[in-house]
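Chemist: after the sequence you'll find the predicted model.
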Amino acid sequence: MTSDTTSQSNDPASGIRDGEVAVALPDHFDAQLYFIGRIRTPWKTRSECPKNARQARESGTVCTIEVDPRWQQALPGVETCSHLIVLYWMDRARRDLVVQVPAQYGSGKPTFSLRSPVRPNPIALSVVELRKVEGSTLHVVGLDCLDGTPLVDIKPYFSSTDSIADARVGWHADRR
Ligand SMILES: C[S@@+](CC[C@H](N)C(=O)[O-])C[C@H]1O[C@@H](n2cnc3c(N)ncnc32)[C@H](O)[C@@H]1O
């Protein structure tokens with residue numbers, strides 16, 4: 001069932017802003033996943049957190065990715081990578097908004113046009129610079145998440161495959 005609930009107010013108790021639209025979530029999950037570790041950052045609140053990976057890179061803050069030792073044998077080779085794609089689970093984000101009003105844009109934006117943590121499956125990604133590997137702990141620059149955020153996956157970043165120099169987000173480039 002997907003009944004729409006369009007917001008009418010900025011009531012902080014509802015956690016929804018004027019112009020935002022929530023839907024009823026499905027009554028079951030389609031898959032399960034394993035968190036493979038935790039991310040340690042200096043940031044305890046959203047307001048302290050970098051807003052995106054670029055801000056995180058520019059801050060130069062080194063964060064640590066603590067991979068569960070169970071997965072230790074999956075790590076060799078990672079230490080040879082200069083950059084990694086890190087996928088993480090935004091565990092403190094709501095999941096039911098289809099239209100959001102991000103503070104920086106001030107008007108309603110459809111969820112899948114945004115990099116907001118608020119989405120049905122709150123998976124975030126960042127391309128990080130790998131500084132050091134110590135056992136199953138990775139030291140990286142480029143994360144924008146709260147301390148304790150669960151880790152979903154780590155993949156090598158291939159500039160030959162993943163970099164598209166002329167990629168464009170039209171609505172963002174064209175906004176006034
Ligand atoms: C805009 S998201 C971008 C995430 C990722 N770089 C991406 O593009 O998928 C980053 C913001 O999510 C919020 N955030 C960070 N960690 C979170 C968590 N564990 N749960 C919910 N929100 C989080 C913070 O406000 C942070 O500034």
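Modeler: That came through, no problem.
Chemist: for the ligand, what are the nearby residues on the chain?
Modeler: 46, 49-53, 90-93, 115-117, 124-126, 144-146, 149 (CB under 6 Å from any ligand atom). Where you see a C-beta, it was placed from the backbone N, CA and C, and this is true even at glycine.
Chemist: return the subset of these lying in helices.
Modeler: Of the residues of the chain next to the ligand, the ones assigned to helices by DSSP state H are Ala53.
Chemist: what's the closest non-adjacent residue to Arg92?
Modeler: Among residues not flanking Arg92 along the chain, Leu146 sits closest, at 6.5 Å (CB to CB, 6 or more residues apart in numbering).
Chemist: and the helices in this protein, which stretches?
Modeler: 53-59, 159-162, 170-173.
Chemist: which of these has the highest mean neighbour count?
Modeler: Burial of these is given as mean neighbour count (mean count of other CB atoms under 10 Å); helix 53-59 ranks first at a mean of 16.
Chemist: residue nearest the middle of the protein, spatially speaking?
Modeler: The centre of the chain sits closest to Ala124, judged by CA atoms, centre = their mean, with a distance of 2.3 Å.
Chemist: that one touches Leu143, doesn't it?
Modeler: No: Ala124 lies out of contact with Leu143 (CB atoms under 8 Å); the separation is 9.1 Å.
Chemist: just the buried positions in stretch 37-57, please.
Modeler: 37-41, 43, 49-50, 53, 56-57 (16 or more other CB atoms under 10 Å).
Chemist: before we move on, the earlier item: list the residues that contact both of Ala124 and Leu143?
Modeler: The contact sets of Ala124 and Leu143 overlap at Tyr88 (CB atoms under 8 Å, 6 or more residues apart in numbering).
Chemist: report the buried residues of the longest strand seen in the chain.
Modeler: Counting residues, the longest strand found in the chain (DSSP state E) is strand 123-134. By 16+ other CB under 10 Å, the buried positions in strand 123-134 come out as 124, 126-130, 133.
Chemist: what is it packed up against?
Modeler: Under the contact criterion of 3 or more CB pairs under 8 Å, 6 or more residues apart in numbering; DSSP states H and E, strand 123-134 touches helix 53-59, strand 83-89, strand 137-141.
Chemist: how far off centre is it?
Modeler: Remark: strand 123-134 is offset 12 Å from the chain centroid, using CA atoms, centre = their mean, to the nearest Å.
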